[in-house]
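>>> Let's see this in three dimensions:
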Amino acid sequence: MDSKTKATNEAWERRRFLAALPLLAVAPLLARGQEEKKEKRPLAAILSKEEWELAKGSAMAMELENYYGNGYSCAESLWLVALRRLRKPENLVWTAAAFGGGMGQKDLCGFLTAGLMALGLAAGELNLPRPEAKKRCAEEAKAYWQWFQALAPLRCAEIRPPGSAGDICRRLGQLTAARVNAAIDRMVRA
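Numbers count the residues shown, from 1 in each chain. Alright, predicted model coming up:
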């Protein structure tokens, strides 16, 4: 091999090496993500005893685990279990697609926004004059908002800062699903 061909081959090898560097930097992060999926802790391990009892008593909370983190965002998963609870078409889950991950901006939490949407949908099912249904919805929405504020920050970026475990959101999802389930039940029974 002549020196010109050798220099060209070495240049290509350097380019291939340099092109692979970003992949080498990301590989540990990708592997870590796979490990986290394999090592998903049971709900009872991430919730306090009282929280676990609350979640176990809520059909929506128990069902949420089937969706959150399994192709559905926070907002989509809570919205889907609310749609199922209220016997609405499940393809309406797409109405929450832009709300996950803090509206895609790490802003207002998807569990908060989907919970509010669910309360509005439940109010629409009440066999009451619109002003009375809206009043009941507003009362439940205010209570839910205040409860949520006492539980967690409103913004996704503050709830789950970079590098924190996904269990933070799994726990929050269970608690919000149980709370929304109870609020819907109260609205329907009253």
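
>>> make it CA atoms for all contacts and neighbour counts henceforth
Will do.

>>> After the helix or strand of the chain with the lowest mean pLDDT, which helix or strand is next? Please name it.
Lowest by mean pLDDT, DSSP states H and E among the helices and strands of the chain is helix 3-38, with a mean of 61. As assigned by DSSP states H and E, the chain's next helix or strand after helix 3-38 is helix 43-46.

>>> who's in contact with stretch 98-107?
73-76, 108-110, 113-114, 154-157 (Cα atoms under 8 Å, 6 or more residues apart in numbering).

>>> List the ones among those residues that fall in helices.
Cys74, Ala75, Glu76, Gly110, Thr113, Ala114, Cys156, Ala157 (DSSP state H).

>>> The fourth one contacts Tyr72, doesn't it?
Okay, so that is Gly110. No. Taking contacts as Cα atoms under 8 Å, Gly110 lies outside contact range of Tyr72: 11.1 Å.

>>> So which of those two has more stuff around it?
Neighbour totals were compared for Gly110 and Tyr72, and Gly110 leads with 30 against 19 (other Cα atoms under 10 Å).

>>> check contacts around Ala82.
Applying Cα under 8 Å, 6+ apart to Ala82 gives the contacts Met60, Ala118, Asn181.

>>> mind running it again at 6 Å?
Neighbour list for Ala82: Ala118 [criterion: Cα atoms under 6 Å, 6 or more residues apart in numbering].

>>> For it, report the pLDDT, please.
pLDDT recorded at Ala82 is 98.

>>> And what about it, helix, strand or coil?
Classification of Ala82 by DSSP: H, G, I helix; E, B strand; the rest coil places it in helix.
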